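Asker: Show me the folded form of this:
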Amino acid sequence: YALYNRLHGFERYEISILYAVAQVTSLLLGPLFGSLNDVFGRKKFCVLYSFVLAFQICLRLTGVHSLAYTAEFFTGICQILIDTAFESWFNFEANLLFTNDEDGKRQKNSYLREVFAKQIGIDCFSSIAITGLSTYLYLKYSIMMPFYICVAVSIITGFYIMFTWNENNLEFAHTHKE
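Answerer: Purely as a prediction, here's the structure:
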């Protein structure tokens with residue numbers, strides 16, 4: 001909000017429309033991207049998320065009104081990818097750890113509950129830490145610095161995923177189980 005309002009001079013109503021663009025994009029394209037995840041591979045879409053995130057932040061930083069709407073469109077795409085690709089990737093990987101009988105399913109569900117419960121704590125802690133870091137960077141350097149850091153981290157994360165994660169698909173599952 002501060003970037004759009006204070007730095008780029010957007011009015012409140014314009015910012016609300018921008019945020020609506022992201023939500024409508026996510027609503028309309030969510031089912032499509034969810035299906036594409038399963039067809040083309042979750043790892044690819046996790047990598048795509050990282051690079052689309054960096055791209056939309058760069059668009060947002062320009063201050064150009066038409067590019068701001070484009071950035072929010074891509075923000076909606078990022079919302080879809082974070083909600084579908086990452087969780088689907090993790091669930092698929094969890095399926096490889098446990099057998100498909102009743103005991104294996106129970107163990108998998110327990111494992112997923114434990115991991116997702118820990119994720120909530122980590123999310124809360126990291127949100128506080130990142131907010132503190134962003135505030136420090138904003139006060140020490142400029143409003144743009146937290147965004148620059150986010151772009152760099154996003155690109156690094158994309159390459160990390162690209163080179164270290166398995167592509168989980170049915171072919172991989174069959175060869176992994178044998």
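Asker: show me where the chain has helices.
Answerer: Secondary structure of the chain (DSSP state H): helices located at 2, 12-40, 42-62, 65-97, 102-140, 145-164, 170-177.
Asker: Just the mean pLDDT for the last one, thanks.
Answerer: This predicted structure assigns helix 170-177 an average pLDDT of 51.
Asker: Ok, the fifth one next?
Answerer: Averaged across helix 102-140, pLDDT comes to 89.
Asker: Ok, stretch 18-29 next?
Answerer: Mean predicted confidence for stretch 18-29 is 91.
Asker: about what we covered before: can you tell me which of the helices of the chain is most buried?
Answerer: helix 42-62 (a mean of 20; mean count of other C-beta atoms under 10 Å). The way it works is simple: take the backbone N, C-alpha and C, and place the C-beta from them, glycine included.
Asker: Report all helices and strands that that helix contacts.
Answerer: Helix 42-62 sits against helix 12-40, helix 65-97, helix 145-164, with contacts defined as 3 or more C-beta pairs under 8 Å, 6 or more residues apart in numbering; DSSP states H and E.
Asker: Next, format the ones you listed as CSV and append distance to residue 114.
Answerer: Output for the helices and strands packed on helix 42-62, formatted as CSV (distance: least, C-beta to C-beta, whole Å):
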stretch, distance to residue 114
helix 12-40, 24
helix 65-97, 11
helix 145-164, 23
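Asker: right, and those - which one's nearest residue 134?
Answerer: helix 145-164 (4.0 Å; C-beta to C-beta).
Asker: would you put the C-alpha positions of the closest one in PDB?
Answerer: What follows is the C-alpha trace of helix 145-164 in PDB, where atoms were taken according to Å, rounded to 0.1, in the frame of the first residue of the first chain:
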ATOM      1  CA  MET A 145      15.200  -2.100  -0.700                       C
ATOM      2  CA  PRO A 146      12.900  -4.800   0.800                       C
ATOM      3  CA  PHE A 147      11.500  -5.300  -2.700                       C
ATOM      4  CA  TYR A 148      14.900  -5.700  -4.200                       C
ATOM      5  CA  ILE A 149      15.800  -8.200  -1.500                       C
ATOM      6  CA  CYS A 150      12.600 -10.100  -2.200                       C
ATOM      7  CA  VAL A 151      13.300 -10.300  -5.900                       C
ATOM      8  CA  ALA A 152      16.800 -11.700  -5.200                       C
ATOM      9  CA  VAL A 153      15.600 -14.300  -2.700                       C
ATOM     10  CA  SER A 154      12.800 -15.300  -5.100                       C
ATOM     11  CA  ILE A 155      15.200 -15.900  -8.000                       C
ATOM     12  CA  ILE A 156      17.600 -17.800  -5.800                       C
ATOM     13  CA  THR A 157      14.800 -19.900  -4.400                       C
ATOM     14  CA  GLY A 158      13.600 -20.700  -8.000                       C
ATOM     15  CA  PHE A 159      17.100 -21.900  -9.000                       C
ATOM     16  CA  TYR A 160      17.300 -23.900  -5.700                       C
ATOM     17  CA  ILE A 161      14.000 -25.700  -6.400                       C
ATOM     18  CA  MET A 162      15.100 -26.200 -10.000                       C
ATOM     19  CA  PHE A 163      18.300 -28.000  -9.200                       C
ATOM     20  CA  THR A 164      17.400 -29.800  -5.900                       C
END
